[in-house]
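1. How does the following fold in three dimensions:
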Amino acid sequence: MTKVTVNFVQGSQYSSHGWHTFLKNNGLEGSMSRRGNCHDNAVAESFFQLLKRERVKRKIYSTRQEARQDIFKYIELFYNCQRRHGSNNQLSPVEYGENFEKRLLSRLRD
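-> Model prediction:
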């Protein structure tokens, strides 16, 4: 079974015995960066900023289920498959992954 990683900031509440017990009891794995490492969450923060700006703030959801479905569609049908990413040479994540796999396979054949 794959564990879910919970990334959190520095703070005594996140290093306490109770927090670690909660993570263990719920099959979660904690991840906390070293003090002063401000870049560990940059990718996740960028993604959530885009999600809010491009999708969530433009809609009013009637139910939590409606929000989940809409956000799932945004991520799986647009963000991963169609949206161009500057950090991926203007490729979508799917295109970038396919290109990476092709390069890797061609190196293995050589």
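2. pLDDT score assigned to the residue positioned nearest the centre of the chain?
-> Closest to where the C-alpha atoms of the chain average out (C-alpha atoms, centre = their mean) is residue 44, at 5.1 Å. Looking at residue 44, its pLDDT stands at 76.
3. Next: residue 53.
-> 93.
4. do the same with residue 109
-> 84.
5. Next one: it from residue 21, what distance?
-> The spacing between residue 109 and residue 21, counted by C-beta to C-beta, to the nearest Å, is 49 Å. To be clear about C-beta, it is placed using only N, CA and C from the backbone, and glycine gets the same treatment.
6. More neighbours: which of the two?
-> residue 21 (10 against 6; other C-beta atoms under 10 Å).
7. that older thread, which stretch of helix or strand covers the residue nearest to the centre of the chain?
-> Element membership for residue 44 (DSSP states H and E) is helix 42-54.
8. Report the distance from the next helix or strand after that helix to the chain centre.
-> Per DSSP H and E, the first helix or strand lying C-terminal to helix 42-54 is helix 64-73. Chain-centre distance of helix 64-73: 16 Å, with C-alpha atoms, centre = their mean, to the nearest Å.
9. next one: stretch 69-81
-> Its chain's average C-alpha position is 13 Å from that of stretch 69-81, according to C-alpha atoms, centre = their mean.
10. Output it as PDB, nothing but the C-alphas.
-> As requested, C-alpha coordinates have been extracted for stretch 69-81 and formatted as PDB (Å, rounded to 0.1, in the frame of the first residue of the first chain):
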ATOM      1  CA  GLN A  69     -15.600  16.400  -9.300                       C
ATOM      2  CA  ASP A  70     -14.800  19.800 -10.900                       C
ATOM      3  CA  ILE A  71     -11.300  19.900  -9.400                       C
ATOM      4  CA  PHE A  72     -10.600  16.300 -10.500                       C
ATOM      5  CA  LYS A  73     -11.600  17.200 -14.000                       C
ATOM      6  CA  TYR A  74      -9.400  20.300 -14.000                       C
ATOM      7  CA  ILE A  75      -6.400  18.300 -12.900                       C
ATOM      8  CA  GLU A  76      -6.800  15.100 -14.900                       C
ATOM      9  CA  LEU A  77      -8.300  16.500 -18.100                       C
ATOM     10  CA  PHE A  78      -6.700  19.900 -18.400                       C
ATOM     11  CA  TYR A  79      -3.800  20.500 -16.000                       C
ATOM     12  CA  ASN A  80      -2.000  17.200 -16.600                       C
ATOM     13  CA  CYS A  81      -2.900  16.700 -20.300                       C
END
